[in-house]
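> Here is my input; please provide its structure:
(2 chains)
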Amino acid sequence: MIFNGRIITTTVMLAIFAGMSVMALTYPEKARFLPLLVGVPGTLMCLAQLAFDVRGALQDRSGEEAAKATLDLPREVKMFFWLALFLIAIMSFGFLIAAPVLVFAFLRFGESERWVTAILGGAGTWIVLYGVFTWLLELFLFEGFITPLLIG
Amino acid sequence: MELDRIFGALWAVVGSPHLVGLIILAVPIGMFFGAIPGLGGKLGIVLLIPFVFGMDPLSGAVFLLAMHAVVHTGGSIPSILFGVPGTGPDAATIVDGYPMTQKGEAGRALGASLGASGFGGVVGGLFLAAMLPVLRPLVLAFSPAEFFLLAILGITFIATLSGDSLLKGLLVGMFGLMLAFVSLDPFTGVPRFTFGQLFLWDGIDVITAVLGMFAIPEMIALGVKGGSIAKVRKDAARYDMGEVIDGMLDVFRHWKLATRTALIGAVIGAIPGLGGDAASWICYGHAVQSSKDPSRFGKGAVEGVIAPETANNSKEGGSLLPTLFFGVPGSSGMAIMLGAFVMLGIQPGPMIALHGMDLVWSLIWTLMIANILAVFMFLACAPAFGKLTYIRGGLLIPFVITLAFLGAFLSQAAWENIVLLCALGVFGYFLKKYRWPRPPFVIGLILGPIAENSLHKALAIWGPSFFLRPLSLVFIALIFGSVGVYFWRIRKNEGPQVRYDI
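Have a look, this model is predicted:
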């Protein structure tokens, strides 16, 4: 029950409301008025929701929900891994380098698509990013933190 | 005499191959800017301003307005097909548009969105025309007191949109409100919840928050589920012109709702400071509240597409009112448009009513023509777009994630938004998984700053007695009416009202 996702989600929501309410106490009166007006009832309502969730988890004797959560876990971990990889790569190398490489990698290694499909996906991404956004619209796309150091 | 002027302006537009050519060019550009998350109409105007240098004022204004008028028509495409809002106001279209796609009704949803956008755009233009005589007292009647109460009226719709659990819906709405307070406090200048991050001083970017709460969770869920976005077999769905036209006809089957939401959207658009996001969500809430069977909403009810889409396009007509006649932009997009008008040599303000009515009528006709043209230009592509939803999720996910990252970055040119997008995306996935309704989050995030700013201003001007202003009393009655209807329906066992599949 401790690792019940439903309870963890409500607990995170509770932590957000409680944390922001405590922080709001440090602000001047006008600045804290509305955050406290929303944050304090929000904290109390989260506690009520948490009580409902704990009661629900205790009553879930069949373990149906826990079984489903276990079934989804490997795929969820895989998706979170790719999301983190997208984040880290784009923050490091920027859109023009990281996005085409990651699209290629996701298609080839994440989804086992054919090499041709993966290469076309990566190349298409680069063409759109460079052709439409950089060349045609002259927009600045984030270069990442490492790419400028490498280019000099 | 006035009729001569009105139809003379129409002829000046449609009789000029140059102007018609500019409108035909502007419409697909506007739809492109709408369909790519993070670009939007404001950036569209900014990027197109260099191209109108040297044009005569009418041509330049017609080109920019035609482009801006159809941005939300394009914005509905990714909202319906992938659950990724093209622009902030298109987020409301996801709530029923995306479930329609999952049911294999993408063509119908796109048709309804097209029809509603065109209808809304025309009504917005007609509203602008009809309001010309009574313009001044209406716009001036809205003070911070009314802004505050209108925002509260919008927030009461959170209850209607809460779905299975009122408690969860309220909490998600309040979570949106709390995030709306992340910024420099508008009155004391104290940074609130910014953790020393400069990019948070202007508040959390709505595009990033909406992409984080909807696009990323949908893609994670698609990766976990496997298969394609559409949950029905391809041969069980229709992706032909008939399906799209059927969707367009839905707008006329629900013509009362479409007319009401178009008018509400136009009125909200005419009130400076409320913005298009508020218009689409308030109209969505109205559609749920006025429906005989609210339980269909959130699961693919076509009215849930019609209401926000009519409002999105009709508000452009409304927001042109204060922009042209008072020089007060009706929306952030119109603020940039105002600058472009001045650059073109058009001087918005009361004097335009005396010396610039020919131009005003030309712009009204442009607004309507661009919206009608957008419908026909997009109609041919809609069935093909619908088929995209049968592409395997695995092929689609990396492109949509890249697009979401790009949208988050481009909306404020801040890399920090990408981190925020991922954090909200992961949290949004668990909210989706454990059936917390996400639409109330957007209402809280959008209406929070409006409510806070207006409340402080109203208290500073009138003190607590602002509640007793005549128009305030009307809004208070509407708020109590809205809450009363909700509880009356619960009592009649018509709830739970909405059950979200997204």
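
> Show me which positions of stretch B:124-138 end up buried.
Going by neighbour count (16 or more other Cβ atoms under 10 Å in any protein chain shown), the buried part of stretch B:124-138 is B:124, B:125, B:126, B:127, B:128, B:129, B:131, B:132, B:135. Placement of C-beta: from N, CA and C, glycine included.

> Then stretch A:142-152?
Within stretch A:142-152, judged by 16+ other Cβ under 10 Å, the buried ones are A:142, A:144, A:147.

> Flag the helix or strand of chain A with the lowest per-element mean pLDDT.
Least confident helix or strand of chain A, by mean pLDDT, DSSP states H and E, is helix A:147-151 with a mean of 86.

> Quick one: low-confidence residue ranges for chain A.
Applying pLDDT under 70 to chain A flags residues A:1-3, A:61-69, A:152.

> center of it - which residue?
The centre of chain A sits closest to residue A:83, judged by Cα atoms, centre = their mean, with a distance of 7.1 Å.

> Just the C-alpha atoms of the least confident helix or strand of chain A, please, in CSV.
Extracted in CSV, the C-alpha atoms of helix A:147-151 (Å, rounded to 0.1, in the frame of the first residue of the first chain):
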residue,chain,number,x,y,z
THR,A,147,27.4,22.6,-28.5
PRO,A,148,28.5,26.2,-28.2
LEU,A,149,31.6,25.0,-26.2
LEU,A,150,32.5,22.5,-28.8
ILE,A,151,32.0,24.9,-31.7
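
> by contact count, what packs against it?
Packing partners of helix A:147-151 (3 or more Cβ pairs under 8 Å, 6 or more residues apart in numbering or on different chains; DSSP states H and E): helix A:64-105.

> can the helix it packs on be found next to chain B?
Yes - Helix A:64-105 lies within reach of chain B by Cβ under 8 Å from any Cβ of the partner chain, at A:72, A:75-76, A:78-80, A:82-84, A:86-87, A:90-91, A:95, A:99, A:102-103.

> what's the spacing between that helix and its chain's center?
For helix A:64-105, the separation from the chain centroid amounts to 9 Å (computed by Cα atoms, centre = their mean, to the nearest Å).

> Next SSE downstream of it?
Following helix A:64-105 in sequence order, the next helix or strand is helix A:115-126 (DSSP states H and E).

> what comes into contact with that next one?
A:96, A:99-101, A:103-105, A:107-108, A:113, B:395, B:398-399, B:402 (Cβ atoms under 8 Å, 6 or more residues apart in numbering or on different chains).

> of the residues you listed, buried ones?
When the contacts of helix A:115-126 are checked against 16+ other Cβ under 10 Å, the ones flagged as buried are A:96, A:99-100, A:103-105, A:107-108, A:113, B:395, B:398-399, B:402.

> Using JSON lines, lay out the residues you listed together with distance to residue B:187.
Output for the buried ones among the contacts of helix A:115-126, formatted as JSON lines (distance: Cβ to Cβ, whole Å):
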{"residue": "A:96", "distance to residue B:187": "42"}
{"residue": "A:99", "distance to residue B:187": "41"}
{"residue": "A:100", "distance to residue B:187": "47"}
{"residue": "A:103", "distance to residue B:187": "46"}
{"residue": "A:104", "distance to residue B:187": "51"}
{"residue": "A:105", "distance to residue B:187": "49"}
{"residue": "A:107", "distance to residue B:187": "51"}
{"residue": "A:108", "distance to residue B:187": "54"}
{"residue": "A:113", "distance to residue B:187": "55"}
{"residue": "B:395", "distance to residue B:187": "50"}
{"residue": "B:398", "distance to residue B:187": "44"}
{"residue": "B:399", "distance to residue B:187": "44"}
{"residue": "B:402", "distance to residue B:187": "40"}
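
> So which elements touch the host helix or strand of residue B:130?
For residue B:130, the enclosing helix or strand under DSSP H and E is helix B:106-131. If you count contacts as 3+ Cβ pairs under 8 Å, 6+ apart, helix B:106-131 packs onto helix B:71-82, helix B:91-102, helix B:241-253, helix B:255-270, helix B:303-326, helix B:357-379, helix B:382-387.

> Now with 6 Å, please.
helix B:71-82, helix B:241-253, helix B:255-270, helix B:303-326, helix B:357-379, helix B:382-387 (3 or more Cβ pairs under 6 Å, 6 or more residues apart in numbering or on different chains; DSSP states H and E).

> I'd like the ones you listed laid out as CSV, including mean neighbour count and mean pLDDT.
Output for these, formatted as CSV (neighbours: other Cβ atoms under 10 Å in any protein chain shown; pLDDT from 0 to 100):
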stretch, mean neighbour count, mean pLDDT
helix B:71-82, 31, 84
helix B:241-253, 19, 87
helix B:255-270, 23, 89
helix B:303-326, 32, 85
helix B:357-379, 22, 87
helix B:382-387, 20, 71
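
> Out of the ones you listed, flag the one nearest chain A.
With Cβ to the nearest Cβ as the criterion, chain A lies closest to helix B:71-82 of those, at 14.3 Å.

> to the chain's geometric centre, what's the distance from that closest one?
11 Å.

> how far off helix B:303-326 does that helix point, in degrees?
160 degrees (axes from the mean of the first three to the mean of the last three Cα atoms, to 10 degrees).

> Show me chain A divided up by domain.
Using automatic domain parsing, the domain ranges for chain A come out as A:1-61, A:72-152.

> Rebuild those as a markdown table, extending it with distance to residue B:192.
Converted to a markdown table, these look like this (distance: least, Cβ to Cβ, whole Å):
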| stretch | distance to residue B:192 |
| --- | --- |
| domain A:1-61 | 6 |
| domain A:72-152 | 26 |
